[in-house]
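[1] show me how the following folds:
(one chain, ligands or ions: 2)
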Amino acid sequence: MAVLEYDLEKLESLARKNLSAKRFYHTQCVVRRAEELAERYGCDIGKARVAGWLHDICKELPRGEQLQWLTKFGIILDSVQLGQPKTWHGMAACGYMKLELGIDDPEILHAVRYHTTACGEMTVFDEVIYLADLTSAERDYPDIDTMRKLADTATGPAMKYAMCYALGDLVIREQGISRDSFEAYNYYLRY
Ligand SMILES: [Fe+2]
Ligand SMILES: [Fe+2]
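    Ligands and ions are numbered 1, 2, ... in the order given. From the prediction side, this is the model:
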């Protein structure tokens, strides 16, 4: 399906219907930030809007349903991923987008799939969606100003900063590190 055919108003109302008010507001902010970053880094703004509206579309589904969607998409979780249900919703959204909405654009599916864990060799579009989610207007965490400035300057160093923070946090909390996040960390160390 060509991006021009996506009905953004339909996607917005789908997000409104599927998400709590708080997460819908987050989603609205991510769409706006994704538009901004896509323009800055020369990505397709239409695709960025689609990814933005749908990135968290499965986040409030029961875990069993999230598992069903990602399985239908052909994903098999390893033991680390199985222990991290908060990372399932991006993979589940791929199944939902493809099978329920007929969205089969590989760029959009890939960016949504990895918007939580990141992965090695991300495209600029993947980075835009990842950073839009991390630096949307309503986000508030101690490093947000630094993170926003980095995201506005260059995606590579911003991703490196994000990965160092994310993996450091997992280590401190004695949580497993998925292969995708581990590969992302190694990949972004070059910046
Ligand atoms: Fe998410
Ligand atoms: Fe999000």
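
[2] what number of residues lie near the nearest residue to Val124 once chain neighbours are set aside?
    Nearest-residue entry for Val124: Tyr41, 5.3 Å, with adjacent residues in sequence omitted and distances by CB to CB, 6 or more residues apart in numbering. The way it works is simple: take the backbone N, C-alpha and C, and place the C-beta from them, glycine included. If you count neighbours by other CB atoms under 10 Å, Tyr41 ends up with 16.

[3] distance check, Tyr41 against Ala34.
    Tyr41 sits at a distance of 11 Å from Ala34 (criterion: CB to CB, to the nearest Å).

[4] now do Ala166
    Distance from Ala166 to Ala34, by CB to CB: 19 Å.

[5] so for the two, which sits in the more crowded spot?
    Comparing Ala166 with Ala34 by other CB under 10 Å, the one with more neighbours is Ala34, at 29 against 18.

[6] I figured the more buried one hits Ala48, correct?
    Yes. Counting by CB atoms under 8 Å, Ala34 does reach Ala48; the two are 4.1 Å apart.

[7] what touches both of the two?
    Common neighbours of Ala34 and Ala48, using CB atoms under 8 Å, 6 or more residues apart in numbering, are 128-129, 132.

[8] same list (those) but as JSON lines, adding secondary structure, pLDDT and neighbour count.
    Listed next are the shared contacts of Ala34 and Ala48 as JSON lines, based on DSSP: H, G, I helix; E, B strand; the rest coil; pLDDT from 0 to 100; neighbours: other CB atoms under 10 Å:
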{"residue": "Val128", "secondary structure": "helix", "pLDDT": "98", "neighbour count": "31"}
{"residue": "Ile129", "secondary structure": "helix", "pLDDT": "99", "neighbour count": "31"}
{"residue": "Ala132", "secondary structure": "helix", "pLDDT": "98", "neighbour count": "26"}
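
[9] my guess is Tyr130 contacts Met159. True?
    Yes. With contact defined as CB under 8 Å, Tyr130 counts as touching Met159 (7.0 Å).

[10] can you check the pLDDT for the residue nearest to Val124?
    Note on Tyr41: pLDDT of 98.

[11] now do Tyr6
    For Tyr6, the model assigns a pLDDT of 82.

[12] just after the lengthiest helix in the chain, pick out the following helix or strand.
    Secondary structure assigned by DSSP state H gives helix 21-40 as the longest helix of the chain. Heading C-terminal from helix 21-40, the first helix or strand you meet, by DSSP states H and E, is helix 45-54.

[13] and Gln81, its phi and psi?
    Main-chain dihedrals, Gln81, degrees, to the nearest 10: phi -60, psi -40.

[14] dump the residue contacts of it.
    87-88, 178.

[15] closest to ligand 2 among the residues you listed?
    For the contacts of Gln81, the closest approach to ligand 2 (CB to the ion) belongs to Thr87, at 12.0 Å.

[16] burial count for that closest one?
    The number of residues near Thr87, taken as other CB under 10 Å, comes to 18.
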